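>>> A predicted structure for the sequence below; I have some questions about it.
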Amino acid sequence: MSANRALGMGLFIAGIFLILAGYNVSQSFSSDVSRFFTGTATNKAMWMLIGGVAAAVSGSVLMSRGNSNS
């Protein structure tokens, strides 16, 4: 396995975990209270979701490219 694929797989898995954690944070009681007063989810939930999507997309691109020398 090339280094790009290994890095891509790590980023993809980390991204999935961040998305799941961000979703859990967005469904918490404190996020519900924040959403009641502000109309939006907490910053922590938003950044975890955005970071998770970015990491998952970057990881999938790296995995699909693989090693260009082979």
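Noted; the coordinates are in hand.
>>> need the contact list for the residue nearest to the spatial centre of the chain.
To find the centre residue of the chain, average its C-alpha atoms and take the closest one (Cα atoms, centre = their mean): that gives residue 52, at 0.8 Å. Counting by Cβ atoms under 8 Å, 6 or more residues apart in numbering, residue 52 makes contact with 14-22. Placement of C-beta: from N, CA and C, glycine included.
>>> Just the buried residues of these.
Buried by 16 or more other Cβ atoms under 10 Å: 14-15, 18-19, 21-22, out of these.
>>> from those residues, which single one is nearest residue 64?
The shortest approach to residue 64 among the buried ones among the contacts of residue 52 belongs to residue 15, at 14.4 Å (Cβ to Cβ).
>>> Quick check: the gap between residue 7 and residue 57.
Counting by Cβ to Cβ, to the nearest Å, the separation of residue 7 from residue 57 is 14 Å.
>>> cool, residue 21 as well?
Distance of residue 21 to residue 57, computed by Cβ to Cβ: 17 Å.
>>> State the pLDDT value of the closest residue in space to residue 20 that isn't next to it in sequence.
Spatially, and ignoring its direct neighbours in sequence, residue 20 is nearest to residue 52 (7.8 Å; Cβ to Cβ, 6 or more residues apart in numbering). The pLDDT attached to residue 52 in the predicted structure is 96.
>>> in which helix or strand would I find residue 52?
With elements delineated by DSSP states H and E, residue 52 resides in helix 43-65, which encompasses its position.
>>> tell me the angle of the helix-or-strand element of the chain with minimal mean pLDDT relative to helix 43-65?
Within the chain, confidence by mean pLDDT, DSSP states H and E is lowest for helix 29-38 among all helices and strands, at a mean of 82. For helix 29-38 and helix 43-65, the angle between their directions (axes from the mean of the first three to the mean of the last three Cα atoms, to 10 degrees) works out to 110 degrees.
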